[in-house]
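Q: What would the 3D arrangement of this be:
(chains A and B)
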Amino acid sequence: MEENDKPNEEQSEQDKKQSRRKFLRNVGIITGGAVAGGAAMYTGIHYEGSKLPSGERLKLLAQDGRLLEVDAHHVTEVHLPESELLMQQGREGLPGHKWVMVVDLAKCRNARKCIDACQSAHHLRPEQYHINTLQMQESKKTAPYNLPKPCQHCDNPPCVSVCPVDATFKRSDGPVLIDNERCIGCRFCIAACPYSARVFQWFEPPLAEESKDIPYNIELNVPQKKGTITKCLFSADRLREGKLPYCVSACPNGVYWFGDEMEDAVTNGTTKETVKFSELLKQNAGYQLMPELGTKPRVYYLPPKNRLFPFEDGDQEEHKG
Amino acid sequence: MKRLISLTRLILLISLFHHITISLFAEDWIVPPDKAEKTAPFVFSKESVEKGAELFVKNCQSCHGDPTRGNFAKLDPTPEDPASEKFKELTDGEMFYKITNGRGTMPQFKMILSEDDRWDLISYIRSFHSGYIQPEPELTSMTGAGERASMTILFDSLSKMVTISVYTVKNDMKSPVKGAEVLFFVKRYFGNLSLGDAVRTNEEGIISYPFPDGIAGDSTGQLTLIAQLNESSGYGNAKKAILVPLGVPTEWISLTAPRAMWNINFKAPVWLILSYSLTVLGVLLALVYIMLQIRKIFYLGSAVDDAKSDKP
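A: The predicted model follows:
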């Protein structure tokens, strides 16, 4: 019997050893997991916590001279590099404004100055358009006209809904912007946009070499990045300076009106005339593109009535491929 | 073949439009007689021509080309060369009117160039017209020639009345200006919104101006009202801006305030947050349940093992 017992004991000894090893391994896995999870939770909580108000208010003088009151918890000392500053202000937008654009189709004669200004400001290739100019003819007998179609900066933007990484976003003052540093190039937004307003950077953008040291400006999308999306930004950088967008001020024919819905005023980029936004739409039967989709565009159109130029084709043969 | 057809169709269309536009513009650009008689308030000089040349390059060249070269843009109606006979035949007043108001593809420069700028431009254009003799400047006909008037603004927020008094100061004596034209604007982000035609001062040099309804102000209805003397009435172009609470209060609600699919995670629709969290929670609970069951099986198994090893 004793002889028989021995191997059994050895067996159980071995079993014990093995289960101890197993136990140690399990403990290792569990502690590792717990530490990782805890760390993730801690950073999460810390991040969320930083957004909560503390109740203590501080008075601050803003760059533009306004006196602001800010929750003490939200105050961080600004030793930010310019790139981060640009990123921060670009995400926040200009409070108190809601930008709108009105495009008068009766005035457009396809001069393409808006496109030139836009492409040079945003470092685009000649075949890339933030403003598509379409030559429209609804049916055989209706009159043709030119239709400049920038991003409509929807208040209910389908492109933003589908972005998986929060790269494209809606701003409090209206523009829908894109952060090229977050963009992963999935192109969901291109598929989602009913206005075909988005462009993908398939190739190295022009001026890539020259602009590689410029801090990235989210309001201008410069420097552009290969493999990401670029789109019309309502020239958010110019709005901050109180200037009209690049395209609006470049138009020689008075096609574009741009302004602030809150002030109920739009200013013509060519004549610099300022009129009431609501009256301009009312008197000229202003409309929106595809409002039935519920996208709530911020760009309005005035119908191509009493056009002052002959409709010409062939100007832009080279762009048709 | 298809392309050829569409091309002929296009040519047809273009010629059709050409006809329409030509018939539209067949009538001349008629300038009201009183405006056509207007003359410059100063004598054209070398300086005014130089200034005009600068302004021309900035504002006119893209369509009108270089004077005498005839390289104007091919628009309809044609912009024409400013050195041409057609321009020479115009009176100074007509030219001034056309630059000021524009028509069709010719933009209006009312808000872009000051009156003096527009006259400088005309003096530049005239420098290409041989044999042009400038009519006597209108200086004498203007009552306020040389005198620059000042003004004060008062407002009454109850009756929404703005009172302007225009006066000139000579030897510390204020004398009211009668018949001075004042233009009203409201300051907007990209430019000044005109509130309509100029208003003239009465015998006492005063304007009582009812502020129009429906002009948007800030959240408390504040807005900046600008009163400016009309340059053409000859008392200079004094300008006064004042903050008045006469606008319609507007409340700014951030466009990112509402809960929506496109908003950041925190502002996602409640149903989305709920269904997502519940789903994740459900899956996690199911996993925990499975783990517990496995643990149970493990213990049952080891109990059986123990029982087996105990047996012998």
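
Q: Tell me where the chain has strands.
A: You didn't say which chain, so I picked chain A. In chain A, the strands defined using DSSP state E lie at A:57-61, A:67-71, A:99-104, A:132-136, A:145-149, A:168-170, A:176-178, A:198-200, A:229-231, A:256-260, A:265-268, A:274-276, A:299-302.

Q: Let me rephrase: I mean chain B.
A: Secondary structure of chain B (DSSP E): strands at B:150-156, B:161-170, B:173-176, B:181-187, B:192-194, B:199-200, B:206-210, B:223-229, B:239-244.

Q: In this structure B:Leu243 contacts B:Gly221, no?
A: No - in this structure B:Leu243 lies outside contact range of B:Gly221 using CB atoms under 8 Å: 10.8 Å. From N, CA and C alone the C-beta is placed, and that goes for glycine too.

Q: Among these two, which residue is more densely surrounded?
A: Between B:Leu243 and B:Gly221, counting by other CB atoms under 10 Å in any protein chain shown, B:Gly221 is the more crowded of the two (16 against 13).

Q: give me phi/psi at the closest residue to the more buried one other than its chain neighbours?
A: Leaving aside its sequence neighbours, B:Gly221 sits nearest to B:Pro249 (CB to CB, 6 or more residues apart in numbering or on different chains; 4.1 Å). Dihedral angles of B:Pro249 (phi, psi; degrees, to the nearest 10) stand at phi -60, psi 130.

Q: Quick check: pLDDT value at B:Pro249.
A: pLDDT recorded at B:Pro249 is 94.

Q: That one contacts B:Leu223, doesn't it?
A: No - between B:Pro249 and B:Leu223 there is no contact, the gap being 10.2 Å when judged by CB under 8 Å.

Q: Spit out the residues that contact these two alike.
A: Residues touching both B:Pro249 and B:Leu223 (CB atoms under 8 Å, 6 or more residues apart in numbering or on different chains) are B:Gly217.

Q: Just want the most central residue of chain A.
A: The centroid of chain A falls nearest to A:Leu177 when counting by CA atoms, centre = their mean (1.6 Å).

Q: Tell me how far it lies from chain B.
A: Going from A:Leu177 to chain B by CB to the nearest CB, to the nearest Å gives 12 Å.

Q: just to revisit the earlier point, neighbour count: B:Pro249 and B:Leu223, which is higher?
A: The neighbour comparison of B:Pro249 against B:Leu223 (other CB under 10 Å) goes to B:Leu223, with 22 against 12.

Q: where along the chain do the helices fall?
A: You didn't pick a chain, so chain A it is. Per DSSP state H, chain A carries helices over the ranges A:2-49, A:82-92, A:113-121, A:158-162, A:188-192, A:236-240, A:246-250, A:277-283.

Q: wrong chain, I was asking about chain B
A: Counting by DSSP H, one finds helices in chain B at the ranges B:2-25, B:33-36, B:46-59, B:61-64, B:85-89, B:92-101, B:115-126, B:270-310.

Q: hang on, the earlier thing: and the strands of chain A, which one is worst for confidence?
A: Note on these: lowest mean pLDDT is at strand A:57-61, with a mean of 75.

Q: now the angle from it to strand A:67-71?
A: Angle between the axes of strand A:57-61 and strand A:67-71 is 150 degrees (criterion: axes from the mean of the first three to the mean of the last three CA atoms, to 10 degrees).

Q: Who are the packing partners of strand A:57-61?
A: The elements that strand A:57-61 packs onto, with contact taken as 3 or more CB pairs under 8 Å, 6 or more residues apart in numbering or on different chains; DSSP states H and E, are strand A:67-71.

Q: one step back: which among the helices of chain A is found nearest to B:Met106?
A: Of all the helices of chain A, the one in closest proximity to B:Met106, counting by CB to CB, is helix A:113-121 (16.0 Å).
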